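Enquirer: sharing a model that was predicted from the sequence below.
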Amino acid sequence: MAQAKTKDIMLDGIFRNNPILIQVLGICSTLAVTNVLKNTVVMGVAMIFVCAFSNFFVSLLRKLIPSRIRMMMEILIAATGVILVDIVLKAHLPDVSRQLGPYVGLIITNCIVMGRCEAFALSNPPVASLIDGASNATGYALVLVVIAFIRELLGSGSVWGVKILGAWWDNWSIMVMAPGGFFVLAILLWVVKGLYSREAEK
Amino acid sequence: MSNEYMGYFAIFFSAIFTQNVLLTYYLGMCPFLGASREVKTAAGLGTAVTLVMTCTTVLNYIVYKYLIVPYDLEYLRFIVFIIVIAAFVQVAEIVIERLSEKLYNALGIFLPLITVNCAILGVSLFMVIREYTLGLSFFYGLGSGLGWMLAILAMAGIRQKMTKSRVPGPLAGTGIALIIAGIMAIAFMGFSGVIKG
């Protein structure tokens, strides 16, 4: 029984209720790093950690936090998680850390972190919240990786920094610039929503 | 001396146009997509963001320079910045409520949302990374706020016009808004090279 529920929470977060594609939440800052696949993966992992971390601790403290200041507490807990991530990144991946710039810090204000704390962690036990946070962030990270793959392939002709497309390929430089991110996400939304509505009709 | 003024102008101009926080750095996307259905809402939110962004960038600069750096607490800057922003928003709400009921009715409902607007925190973080001075921080904050307001106003105007257009089903709503944002971003790129920022 408990296992079935865990599986449900995970599937919900990753597919059925995917934060980006279905709820269209939290694309704020993270879209900015999707022009290079490697940075996106690092960012995704950071996101999963922060989301699981803050969900876990908010849930642990949920009976102690007065409801008036709960938003502030959620932000502070998320910020603590982000500080940990930032220190680890600076120590082990200084190059990526420099390229990500302010975007690691912006995980704090990502709507998904707060959204999951509000919607799930405040009314559920810690372990379930941990899983919920991690799976929502995973669903989020997967979408980002898909976007980054498309943008890097079309924009630089490479994947993970390795040249894939030969000299015949003209880079679509618009893809690595800001508008590319908007277009790829819009088309992805289009495709996924189209598929979902077709399934619903069946 | 004139060079110094040029620097302020360049930062201000580039923050509005060539390096628009929203269209080149994707900051503040959630309210941009959520609150851009009506021009009136967009204008209220845009004004509130500009006000908070200008003030918090300057406040965060002062806190960073005189509190964080001397005590070697750079790693705490995320928490400190977000507390400064949250506190400022609370105080601003109280002050505006006392000063003018009309202004409070126009801006009040947007203020609490702004604490979690990534653009506000993002601008403060960029300010630290780019090592701006106090004056530059002020112009950068003001310019970024105005740039954000310009983008959301344009977006709201376009979306209002589009309510009667027929958009392919799955693309309606957020999808088409993102495509408009992409086209707007291309238009804003046209400003690059106008001024060396």
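Expert: Sure, I can see it.

Enquirer: show me where chain B has its strands.
Expert: Assigned strands in chain B: none (criterion: DSSP state E).

Enquirer: biggest helix in the chain by residues?
Expert: With no chain named, the answer covers chain A. Using DSSP state H, we find that the single longest helix of chain A is helix A:126-156.

Enquirer: switch to chain B, that's the one I care about
Expert: With secondary structure taken from DSSP H, chain B has its longest helix at helix B:134-162.

Enquirer: mind giving me the packing neighbours of that one?
Expert: With contacts taken as 3 or more Cβ pairs under 8 Å, 6 or more residues apart in numbering or on different chains; DSSP states H and E, helix B:134-162 sits against helix B:2-16, helix B:21-25, helix B:29-34, helix B:39-63, helix B:118-129, helix B:174-189. Where you see a C-beta, it was placed from the backbone N, CA and C, and this is true even at glycine.

Enquirer: need the contact list for the residue nearest the centre of chain B.
Expert: The centroid of chain B falls nearest to B:G145 when counting by Cα atoms, centre = their mean (3.8 Å). Counting by Cβ atoms under 8 Å, 6 or more residues apart in numbering or on different chains, B:G145 makes contact with B:G46, B:V49, B:T50, B:L51, B:V52, B:M53, B:T54.

Enquirer: could you do B:V84 as well?
Expert: B:T56, B:L59, B:N60, B:V63.

Enquirer: dump those residues to a markdown table, plus distance to A:F57, neighbour count and pLDDT.
Expert: Listed next are those as a markdown table, based on distance: Cβ to Cβ, whole Å; neighbours: other Cβ atoms under 10 Å in any protein chain shown; pLDDT from 0 to 100:
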| residue | distance to A:F57 | neighbour count | pLDDT |
| --- | --- | --- | --- |
| B:T56 | 26 | 28 | 94 |
| B:L59 | 28 | 18 | 95 |
| B:N60 | 26 | 27 | 94 |
| B:V63 | 26 | 18 | 94 |
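
Enquirer: filtering those by proximity to chain A, which remain?
Expert: Among those, proximity to chain A is found for none (Cβ under 8 Å from any Cβ of the partner chain).

Enquirer: now those as CSV including distance to A:G166?
Expert: CSV is the format used below for the contacts of B:V84 (distance: Cβ to Cβ, whole Å):
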residue, distance to A:G166
B:T56, 49
B:L59, 52
B:N60, 48
B:V63, 52
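
Enquirer: any idea which helix or strand comes after the host helix or strand of A:D95?
Expert: Here A:D95, judged by DSSP states H and E, is contained in helix A:94-100. Downstream of helix A:94-100, the next assigned helix or strand under DSSP H and E is helix A:111-119.

Enquirer: can you pull the buried residues of that following helix?
Expert: A:C111, A:I112, A:V113, A:M114, A:G115, A:R116, A:C117 (16 or more other Cβ atoms under 10 Å in any protein chain shown).
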